[in-house]
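1. requesting a structural model of the entry that follows:
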Amino acid sequence: MGSRLHPLKIPHDSSKSTGEKFENEDLNSPVKNSEKYNLLNRDQIVNIASSIGSPLRREVSNRSPMKSFCDEGSDLEEGKLIKERETKLVPIIKIKVPNQALISGLAYCISSCSMILVNKFILSSYNFNAGISLMLYQNFVSVSIVSMLSLFGIISTEPLNWKLIRVWLPVNFIFVGMLITSMFSLKHINVAMVTILKNVTNVMTALGETYMFNKYHDSKVWTALMLMIVSAISGGITDLTFNAVGYTWQFFNCFLTASYSLTLRRVMDTAKQATKSGNLNEFSMVLLNNTLSLPLGIFLVLAFNEVNYLSTTPLLKDPMFWIVITMSGVLGLAISFTSMWFLHQTSATTYSLVGSLNKIPLSLTGILLFKVPTSIENSTSILFGLLAGIVFAKAKIREKSQS
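-> Here you go, the predicted model:
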């Protein structure tokens with residue numbers, strides 16, 4: 001059976017082009033105007049969210065570029081991009097569950113806090129002295145899970161190609177350095193001080209944006225940044241467990257985290273052009289970053305001679321240790337899922353403020369769980385730094401809404 005083709009009849013007495021007609025229809029139609037308004041609101045929300053993350057999300061989402069790539073350079077180690085999140089979600093997210101905003105928020109907070117606490121437990125309580133190997137194994141777990149989810153069609157990822165890899169290599173080198181320095185600093189510094197010291201990343205990123213992109217911030221943002229610097233200095237001075245090695249590693253981590261955010265912003269458009277679809281969603285970036293980190297991680301394990309330690313430590317014969325380090329890898333990936341879920345269920349403002357407030361229970365839990373000796377002066381500095389993070393998030397929201 002064949003199908004008939006009916007000729008398209010175009011009136012000859014039309015004085016306007018088809019494009020003009022559609023344009024007028026769009027302008028005069030209340031439905032179209034409503035759609036444009038909604039699209040505008042979503043774009044504004046995405047722009048706000050991409051610029052107001054917290055230092056905590058940088059720490060907890062190093063393996064996810066969201067945390068890591070922010071237009072305003074605020075929260076990457078969550079290495080967490082909100083603009084690139086138009087991807088397939090896990091089917092369970094589509095199930096109608098009451099109070100999804102509350103549940104997704106709790107899931108995000110629990111996974112983000114747990115990631116740091118579990119890493120601290122591995123490095124300090126287990127006294128595991130192979131931070132690069134731990135990073136390598138966690139990235140391997142992430143690659144395995146994302147690859148399986150992509151294979152079964154639960155999520156969508158971009159296929160890797162040499163052009164994309166060449167564009168992404170500079171970003172990946174910084175990404176690996178950021179993860180390794182985070183491991184080294186976390187081994188020597190308590191969780192609360194790591195959280196406060198990471199505020200310095202925001203200062204470095206803001207300066208980098210001014211220098212590289214001519215991006216200027218208002219006085220309230222700079223005031224919040226100065227409060228962060230004061231809290232970091234006072235916290236270090238009053239830290240009863242001060243460790244010069246740990247603070248040095250943390251300074252390098254702040255520098256690399258800010259560099260990751262700025263470099264990612266510079267190469268993102270080029271990376272998109274190197275993909276088949278012209279887009280690069282978060283899961284694709286997780287897969288790309290973690291896959292490229294594997295050969296570099298193996299090289300660094302050999303260069304730092306961690307093989308000798310791994311061959312002699314009894315920890316690798318402990319099944320419970322393997323369960324804990326595997327759980328840390330799963331948590332790193334869970335942050336990507338829960339943060340996307342939370343963002344889809346709430347506003348960008350709520351998302352950023354929850355990230356800032358989430359540092360308070362994390363700091364308290366870290367102090368109590370690991371029995372960190374503290375003083376009134378140090379506790380005050382930590383609280384001051386946590387409040388400065390909240391002030392910074394609100395200042396960024398205000399600045400973005402005005403612009």
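2. residue 201 and residue 254 touch, don't they?
-> Yes. In this structure, residue 201 is within contact of residue 254 by C-beta atoms under 8 Å, at 4.4 Å. The way it works is simple: take the backbone N, C-alpha and C, and place the C-beta from them, glycine included.
3. the more surrounded of these two?
-> More crowded of residue 201 and residue 254, by other C-beta atoms under 10 Å: residue 201, with 29 against 26.
4. which SSE is immediately downstream of the helix or strand containing residue 166?
-> Secondary structure assigned from DSSP states H and E places residue 166 in helix 162-188. Next in sequence after helix 162-188, counting helices and strands by DSSP H and E, comes helix 191-197.
5. chain center to that next one: distance?
-> 17 Å (C-alpha atoms, centre = their mean, to the nearest Å).
6. and residue 375, backbone torsions?
-> phi -130, psi 170 (degrees, to the nearest 10).
7. ok, it - contacts?
-> 238, 240 (C-beta atoms under 8 Å, 6 or more residues apart in numbering).
8. go with 10 Å
-> 238, 239, 240, 381 (C-beta atoms under 10 Å, 6 or more residues apart in numbering).
9. also residue 204?
-> 73, 225, 251, 254, 255, 256, 257, 258, 259, 261, 262.
10. flag the shaky bits of the stretch 1-150 of the chain, pLDDT-wise.
-> 1-98 (pLDDT under 70).
11. how about 90 then?
-> Residues of the stretch 1-150 of the chain meeting the criterion pLDDT under 90: 1-109, 112.
12. can you list the buried residues in stretch 165-174?
-> 167, 168, 171, 172, 173, 174 (16 or more other C-beta atoms under 10 Å).
13. hang on, the earlier thing: of the contacts of residue 204, keep whichever come out buried.
-> 73, 225, 254, 255, 256, 257, 258, 259, 261, 262.
14. show me these that map onto helices.
-> 225, 254, 255, 256, 257, 258, 259, 261, 262 (DSSP state H).
15. could I get those as JSON lines with pLDDT and distance to residue 400?
-> Shown next, in JSON lines, are those (pLDDT from 0 to 100; distance: C-beta to C-beta, whole Å):
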{"residue": "225", "pLDDT": "90", "distance to residue 400": "16"}
{"residue": "254", "pLDDT": "95", "distance to residue 400": "23"}
{"residue": "255", "pLDDT": "96", "distance to residue 400": "25"}
{"residue": "256", "pLDDT": "95", "distance to residue 400": "25"}
{"residue": "257", "pLDDT": "92", "distance to residue 400": "21"}
{"residue": "258", "pLDDT": "92", "distance to residue 400": "19"}
{"residue": "259", "pLDDT": "93", "distance to residue 400": "23"}
{"residue": "261", "pLDDT": "88", "distance to residue 400": "16"}
{"residue": "262", "pLDDT": "91", "distance to residue 400": "18"}
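16. returning to that earlier point: the contacts of residue 375: which two are farthest apart?
-> 240 and 381 (11.6 Å; C-beta to C-beta).
17. follow-up on the earlier one: ok, the buried residues of stretch 165-174 vs residue 300, which is closest?
-> residue 173 (10.9 Å).
18. quick one, what contacts that closest one?
-> 256, 259, 260, 263, 292, 293, 296.
19. export those to TSV and tack on distance to residue 355?
-> Shown next, in TSV, are the contacts of residue 173 (distance: C-beta to C-beta, whole Å):
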residue	distance to residue 355
256	20
259	21
260	18
263	22
292	27
293	24
296	29
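20. related to what we said a few turns ago, so how far is the helix holding residue 166 off the chain centroid?
-> 13 Å.
21. can you check stretch 136-155 too?
-> That offset, for stretch 136-155, works out to 17 Å (C-alpha atoms, centre = their mean).
22. mind listing what's buried in it?
-> Result for stretch 136-155 [16+ other C-beta under 10 Å]: buried residues 136-143, 145-146, 149-150, 155.
23. and stretch 290-299, by the same measure?
-> Those buried within stretch 290-299 under the rule 16+ other C-beta under 10 Å are 290, 291, 292, 293, 296, 297.
24. before we move on, back to that, of the contacts of residue 375, grab the buried ones for PyMOL.
-> Typed into PyMOL, the next command selects the buried ones out of the contacts of residue 375 (criterion: 16+ other C-beta under 10 Å):
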select buried, resi 238+239+381
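25. just the contacts of residue 375: which are in helices?
-> residue 381.
26. residue 368: how many residues sit nearby?
-> 9.
27. if I look at it, how far off is residue 192?
-> Distance, residue 368 to residue 192, by C-beta to C-beta, to the nearest Å: 10 Å.
28. next: residue 312.
-> 33 Å.
29. and those two? which has more neighbours close in?
-> Each of residue 312 and residue 192 has its neighbours counted (other C-beta under 10 Å); residue 192 has more, 28 against 8.
30. before we move on, what SS does the residue lying closest to that one once chain neighbours are set aside have?
-> Leaving out its chain neighbours, the residue that sits closest to residue 192 by C-beta to C-beta, 6 or more residues apart in numbering is residue 363, at 3.9 Å. For residue 363, the assignment made with DSSP: H, G, I helix; E, B strand; the rest coil gives helix.
31. need the contact list for residue 363.
-> Contacts of residue 363 by C-beta under 10 Å, 6+ apart are 56, 113, 190-196, 372, 379, 382-383, 385-386.
32. pLDDT wise, what is it at?
-> Here, the pLDDT recorded for residue 363 equals 91.
33. what about residue 212, how many residues nearby?
-> There are 12 residues near residue 212, going by other C-beta under 10 Å.
34. host element of it?
-> Under the assignment here (DSSP H and E), residue 212 is part of helix 199-213.
35. same check on residue 229?
-> helix 219-237.
36. picking that back up, biggest separation within the buried ones among the contacts of residue 204, which pair?
-> 225 and 256 (18.8 Å).
37. got the buried residues for stretch 268-286?
-> Applying 16+ other C-beta under 10 Å to stretch 268-286 flags 268, 271, 272, 274, 275, 280, 281, 282, 283, 284, 285, 286 as buried.
38. want to try CSV for these, with pLDDT as columns?
-> Below are the buried residues of stretch 268-286 laid out as CSV (pLDDT from 0 to 100):
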residue, pLDDT
268, 87
271, 90
272, 89
274, 89
275, 89
280, 84
281, 81
282, 80
283, 85
284, 88
285, 86
286, 87
